[in-house]
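**Q** The following block contains a protein sequence and its predicted model.
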Amino acid sequence: MKINEIFYSIQGEGRWTGFPNTFIRVTGCNLRCNFCDTKYAYFDGKEMSIKEIVEDISKYPCKKVCITGGEPLLQKQITELIDSLIKEKYYTCVETNGSISLKDIVNKKKLMISMDIKCPSSNMHEKMNFDNISLLEEKDQLKFVIDNREDYKYAKKIIEDYKPICPIYFQPVWGTNPKIIVDWIEKDGLDVKLSLQLHKIIWGDERGK
């Protein structure tokens, strides 16, 4: 597999916010979102075997592992990596951009799928695979990155149409005033959680944090 970086930090988003995680960032992405903050992972990286990856993360005192990107589901060995991590008793999360089918990674007990649905401001919303929403379980999570009112209304409509059973997170594009989104959520009484990217609040855009 081509790996961009492996590092140990605090999870800043979703259900594991605040918990130490070991992050495995894979190289390569099929989308080009306007607000992408990991463009350095589009191409840069080095080839590592599954064994090398598992050995590398074993040096960290942490049993939560987040596979991120880039887009992990582009990797041919992603299922093998997930299975190897689970075998080693790691609680594993895969962060995916919502454009590729989840069918090869669902129904794994110690795997949490964290899936995005891209909103219009990303310019990638037409690339989404909405069939994935029905594959998400209660232990998974769904995230919408929101920049403006159009994004918010788009996310609200997706929730109404597809009725996901997992927790839903609304995450402001970094630099967007979260109070505006809170006001909209409160007015509509949406059963969603606000995600504020804790790692960026602590370290800003510092890489590997």
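**A** Okay, I see it.

**Q** Show me where this structure has its strands.
**A** For the chain, the strands defined by DSSP state E occupy 2-10, 20-26, 46-47, 64-68, 91-96, 111-116, 141-146, 168-172, 193-194.

**Q** The second one packs against which elements?
**A** Identification of packing neighbours for strand 20-26 by 3 or more C-beta pairs under 8 Å, 6 or more residues apart in numbering; DSSP states H and E yields strand 2-10, helix 50-57, strand 64-68. C-beta: built from backbone N, CA, C; applies to glycine.

**Q** rewinding a little: make a markdown table from the strands of the chain and add mean pLDDT and mean neighbour count to it.
**A** Listed next are those as a markdown table, based on pLDDT from 0 to 100; neighbours: other C-beta atoms under 10 Å:
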| stretch | mean pLDDT | mean neighbour count |
| --- | --- | --- |
| strand 2-10 | 97 | 17 |
| strand 20-26 | 98 | 23 |
| strand 46-47 | 97 | 10 |
| strand 64-68 | 98 | 23 |
| strand 91-96 | 98 | 23 |
| strand 111-116 | 98 | 22 |
| strand 141-146 | 98 | 24 |
| strand 168-172 | 97 | 21 |
| strand 193-194 | 97 | 14 |
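
**Q** I'd like the ones you listed laid out as CSV, including distance to Arg32.
**A** Listed next are those as CSV, based on distance: least, C-beta to C-beta, whole Å:
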stretch, distance to Arg32
strand 2-10, 16
strand 20-26, 16
strand 46-47, 23
strand 64-68, 17
strand 91-96, 16
strand 111-116, 14
strand 141-146, 14
strand 168-172, 19
strand 193-194, 26
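
**Q** Ser122: which of those is closest?
**A** Ser122 lies closest, by C-beta to C-beta, to one member of those: strand 141-146, at 6.9 Å.

**Q** any idea how far the residue nearest to Ile57 when sequence neighbours are not counted lies from Gly98?
**A** In this structure, Ile57 finds its nearest non-sequential neighbour in Thr22, 4.7 Å apart by C-beta to C-beta, 6 or more residues apart in numbering. If you measure Thr22 against Gly98 using C-beta to C-beta, to the nearest Å, the figure is 24 Å.

**Q** With Leu135 instead?
**A** From Leu135 to Gly98 the distance is 11 Å (C-beta to C-beta).

**Q** which one of the two has more residues nearby?
**A** Gly98 (23 against 16; other C-beta atoms under 10 Å).

**Q** Need the phi and psi values for that one.
**A** Taking degrees, to the nearest 10, you get phi 90, psi 0 for the backbone angles of Gly98.

**Q** Centroid-nearest residue for this protein?
**A** What sits nearest the mean C-alpha location of the chain, by C-alpha atoms, centre = their mean, is Glu95, with 3.1 Å.

**Q** That residue contacts Leu111, correct?
**A** No - using C-beta atoms under 8 Å, Glu95 is not in contact with Leu111, being 11.7 Å away.

**Q** Contact partners for the residue nearest to Val94 when sequence neighbours are not counted?
**A** Among residues not flanking Val94 along the chain, Ile67 sits closest, at 4.8 Å (C-beta to C-beta, 6+ apart). Contacts for Ile67 (C-beta atoms under 8 Å, 6 or more residues apart in numbering) come out as 24, 26, 78, 81-82, 92-95.
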